[in-house]
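Colleague: Make a model of this:
(one chain, ligands or ions: 2)
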Amino acid sequence: MEDISHIIDPLNAVQREAVAAPAEHLLILAGAGSGKTRVLVHRIAWILETQQASPHNILAVTFTNKAASEMQTRINQLLQTTTLGLWVGTFHGICHRLLRMHWQEARLPSTFQILDSDDQQRVIKRILTTFALDDKIWTPKQVQQFINNCKEQGLRSQHIIAEGYDLWLKQMLSLYQTYEEYCQKNGLVDFAELLLRTYETLRDNTALRATYQTRFRHVLVDEFQDTNDIQYKLLRILVGQHSYLFAVGDDDQSIYGWRGAKIENIQNLSKDYPAIHMIRLEQNYRSTGTILSVANNLIANNKKRLGKNLWTDGEAGEPVYLYSAYSEIDEAQFIVGKIADWVKKWQEVAILYRTSAQSRVFEEALIQKNIPYRIFGGLRFYERAEIKDVLAYLRLLHHRQNDTAFERIINLPKRGIGDKTLENLRAIARQHQCALWEAVHHAINAQLLTKRAATPLLEFVTFIDKLSEQLLDCSLSEKVQQIIQQMGLIAHYQKDDPIDAQRRQENLDELLRATQQFETQNKEEFDIVSAFLAQAALEAGEGQGSKFDDCVQLMTLHSAKGLEFSLVFLCGLEEGLFPHQNSLDEGNLEEERRLCYVGITRARQTLYLSHSETRAQYGQRNNAEQSRFIREIPSELLQEIRLKSAYSNHSGVQPSITLQVGDNVSHPTYGNGVIIEQEGQGELTRFQVRFAKGATKWLLLAYTRLEKC
Ligand SMILES: Nc1ncnc2c1ncn2[C@@H]1O[C@H](COP(=O)(O)OP(=O)(O)OP(=O)(O)O)[C@@H](O)[C@H]1O
Ligand SMILES: [Mg+2]
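Modeller: Ligands and ions are numbered 1, 2, ... in the order given. Next up, the predicted model:
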């Protein structure tokens, strides 16, 4: 047998037990940072190295594409070779792959296209117009949620029976049904459909099911606590009579309940696989003792827990710091000031927040200090308008029947094709049951449109046909480059919004780099354009590029799952923000607390918690109450960094408050401005100043040198 010490040695006794367990179903239920992901990776390496199965027999499911590629790298490192045939991916990625391979069994056209969330809403909007429903009452978003919820539970419209007089449900169901028919006819597959369709295909196809059940002898799943109904069903159907499930998870980190994830799936495992062997890991290797105590104390407030006790034999480390800011801008400046003092790599630093809108103030503060940063997950690269514009062109060139792409670019840049003409086209398409592209031809041939309406349309289709022919033999990146050039997109954005044009151009440059990289990585790919488009839709920016690799990471708490950083800032700990008001209203406090637990346990060495006493919301500044989560942490574990103490250390003179709202003032950095608001008293007096350069800032009188002028 091969020497497997490099796989086993870096593990503790319980981790070894899990990695080297005999072929059986296993559930590793353990707290944050206890090595679950490490154990999963080592288990794969161990299976391969001890030759119990070939890479071909292994399927590993992770939560993000980033996690999947890290996992693949770790396995290759451990085995010191590149493994081929191993499937590692997200549920969506794996299902997409299966559907591409088995489109016939799945009753899809070979050219089926993925609808991302935006495209899906566009389709729903179209359907809503044909129903002539009031789109204020029947919002596309609401219909989208209804459809996705159904699909995530494995339900088709025909499976749901609207009883009696439930008119709302009846209406939703008929919208759902129309949507299903539309997608089926046009070969469109939304994200939830990827999973549901794969499940149904395997369920209804005995031979196919048998093939995969025989193939995947080992099915391994990370972050199992966040699987939803359809994902669980998929796992059940993939794990055959002679396969083994290896699930790792942490009930305390279940944070996707709002998206249909079911903690109960952990209990279901023991019901559905009675022989499952459960292993608990309790030693945490990630965080200092103090950080871990903070996390343990917080999560102890949850009632619904399976219960576990995490410990570390590492050092207590630094205290956990708590900063009370007087505004979100002060909060951002404090945090960014601390980051500027950080001497190690930027990439070891993360700012975590509850809602993605909070990122903007941090971005501004980071830009001011010239610190490179990257937004992970939130502001997705492939979701940015300019990227979607170019990809829509690419889609239409590749597949003229793609109506979503057609609609997106028909007037981009402006061609003078009016809404009325488009409405006519849609009607023709409906009547002839054809794509908009064909509807244009119908309309022109049968002279259904006025000359004024027909001319730009004819120009458009001719242009696209010509461009398509011209680019036929070009590489993917050449195509993208030509589209950007020939469509005059940069000039269009310049006209559209000159301030934003620079950023958009940078994004387009980045897109070109992405296609070039894709080409070198996928030399064997037969249909590289389709492969790239699918990846773009699926990844939606997780692998978002940045000019710098080494940059500070900004992300929502939800995106932070599974990751770790030396220095973590957990900000906006205020009632209504975190815990979020929606969750409070819906009785989901425990899930919010788990989210806070996830945030705290991302930190290895240093953790700052912060909240602001006031926060601007909906155009006004409100007082904000400190989050209950801070109060739930024993105060001896926290070291407060107080404005007050900062003030008393401040060598300046006692501020004499001679300023008032309406005064013209000058500031050494920001220049001249006018006071528009005043708050607080004595040493905590603060002014809101609108500066001539455009910025509006809250300034604490004790800190700033504001002079009347
Ligand atoms: N036996 C060990 N010896 C040393 N370091 C370890 C050991 N086990 C895990 N680690 C390290 O501890 C950290 C946390 O491990 P890992 O990310 O696998 O935990 P996890 O349980 O998956 O955490 P999460 O719940 O946040 O996903 C990693 O840096 C990992 O390399
Ligand atoms: Mg993990």
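Colleague: Give me the contacts around stretch 148-161.
Modeller: Applying Cβ atoms under 8 Å, 6 or more residues apart in numbering, the contact partners of stretch 148-161 are 169, 173-174, 176-177, 180, 190-193, 195-196, 199, 228-230, 233, 259-260. All C-beta atoms are positioned from the backbone trio N, CA, C, and that covers glycine.
Colleague: do the same with stretch 180-188
Modeller: With Cβ under 8 Å, 6+ apart, stretch 180-188 has contacts from 107-109, 111-115, 119, 123, 127, 156-157, 189-190, 193, 401, 403-404, 433, 435.
Colleague: And for stretch 286-297?
Modeller: With Cβ under 8 Å, 6+ apart, stretch 286-297 has contacts from 32-33, 284, 309-312, 314-320, 564, 597, 600-601, 603-605, 607, 632-634, 637-638.
Colleague: thinking again about what came up before, report the buried members of the contacts of stretch 148-161.
Modeller: 169, 173, 176, 180, 190-193, 195-196, 199, 228-230, 233, 260 (16 or more other Cβ atoms under 10 Å).
Colleague: Filter the residues you listed down to the ones in helices?
Modeller: 169, 173, 176, 180, 191-193, 195-196, 199, 229-230, 233 (DSSP state H).
Colleague: got the domain boundaries for the protein?
Modeller: 4-104+195-283, 116-186, 295-368+545-641, 383-534, 663-708 (the TED database).
Colleague: Could you tell me which of the contacts of stretch 180-188 belong to strands?
Modeller: Those of the contacts of stretch 180-188 mapping onto strands are 113-115, 189-190, per DSSP state E.
Colleague: Could you dump those residues into JSON lines and include distance to ligand 2 and pLDDT?
Modeller: Output for these, formatted as JSON lines (distance: Cβ to the ion, whole Å; pLDDT from 0 to 100):
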{"residue": "113", "distance to ligand 2": "33", "pLDDT": "88"}
{"residue": "114", "distance to ligand 2": "27", "pLDDT": "89"}
{"residue": "115", "distance to ligand 2": "30", "pLDDT": "89"}
{"residue": "189", "distance to ligand 2": "29", "pLDDT": "95"}
{"residue": "190", "distance to ligand 2": "28", "pLDDT": "94"}
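Colleague: and ligand 2, which of the domains of the chain is closest to it?
Modeller: domain 4-104+195-283 (3.3 Å; Cβ to the ion).
Colleague: wait, does stretch 596-606 contact ligand 2?
Modeller: No - under the criterion of Cβ under 5 Å from the ion, ligand 2 is not reached by stretch 596-606; the shortest gap measures 10.3 Å.
Colleague: Regarding that stretch, how distant is the last residue from the first?
Modeller: Stretch 596-606 stretches 16 Å from its first residue to its last (Cα to Cα, to the nearest Å).
Colleague: ends of stretch 550-562, how far apart?
Modeller: 19 Å.
Colleague: Of the ones in helices among the buried ones among the contacts of stretch 148-161, which is the nearest to residue 393?
Modeller: residue 191 (22.6 Å; Cβ to Cβ).
Colleague: Please report the distance of the closest one from residue 582.
Modeller: Going from residue 191 to residue 582 by Cβ to Cβ, to the nearest Å gives 22 Å.
Colleague: Repeat that for residue 218.
Modeller: 39 Å.
Colleague: Could you do residue 639 as well?
Modeller: 32 Å.
Colleague: since we're on the closest residue to residue 404 other than its chain neighbours, how many residues are nearby?
Modeller: Spatial nearest neighbour of residue 404, excluding adjacent residues (Cβ to Cβ, 6 or more residues apart in numbering): residue 119 at 4.5 Å. By other Cβ atoms under 10 Å, the residues close to residue 119 number 23.
Colleague: same thing with residue 505?
Modeller: If we define neighbours as other Cβ under 10 Å, then residue 505 has 16 of them.
Colleague: Among the contacts of stretch 180-188, the buried ones, what's the PyMOL command?
Modeller: To isolate the buried ones among these in PyMOL, judged by 16+ other Cβ under 10 Å, type:
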select buried, resi 108+112+113+114+115+119+123+127+157+189+190+193+401+403+404+435
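Colleague: residues in contact with residue 58?
Modeller: So residue 58 contacts 44, 47-48, 86-87, 216-218, 220 (Cβ under 8 Å, 6+ apart).
Colleague: interface residues of this protein facing ligand 1?
Modeller: 10-12, 15, 30, 32-38, 250, 253, 285-286, 562, 564, 601 (Cβ under 6 Å from any ligand atom).
Colleague: From the residues you listed, list just the buried residues.
Modeller: By 16+ other Cβ under 10 Å, those give 11, 15, 30, 32-38, 250, 253, 285-286, 562, 564, 601 as buried.
Colleague: on that earlier part again, settle it for me: which of residue 218 and residue 582 has more neighbours?
Modeller: Using other Cβ under 10 Å, the more surrounded residue of residue 218 and residue 582 is residue 218, with 20 against 11.
Colleague: Tell me what that one is bridged to.
Modeller: residue 58, residue 244 (DSSP bridges).
Colleague: now it: how far from residue 247?
Modeller: 12 Å.
Colleague: List the residues that contact the residue nearest to residue 404.
Modeller: Counted by Cβ under 8 Å, 6+ apart, residue 119 has contacts 188, 190, 404.
Colleague: Looking at those residues, which one is closest to ligand 1?
Modeller: residue 190 (28.4 Å; Cβ to the nearest ligand atom).
Colleague: what does the protein put close to ligand 2?
Modeller: 36-37, 562.
Colleague: switch the cut-off to 8 Å
Modeller: For the chain, the contact set with ligand 2 under Cβ under 8 Å from the ion comprises 32, 36-38, 40, 67, 222-223, 248, 561-562.
Colleague: all strands of the stretch 301-450 of the chain, in order?
Modeller: For the stretch 301-450 of the chain, the strands defined by DSSP state E, counting those that start in this stretch cover 320-325, 349-353, 373-375.
Colleague: Point out the most buried one among these.
Modeller: Most buried of these by mean neighbour count (mean count of other Cβ atoms under 10 Å) is strand 349-353; its value is a mean of 25.
Colleague: ok now that strand, how far from the chain's centre?
Modeller: 15 Å (Cα atoms, centre = their mean, to the nearest Å).
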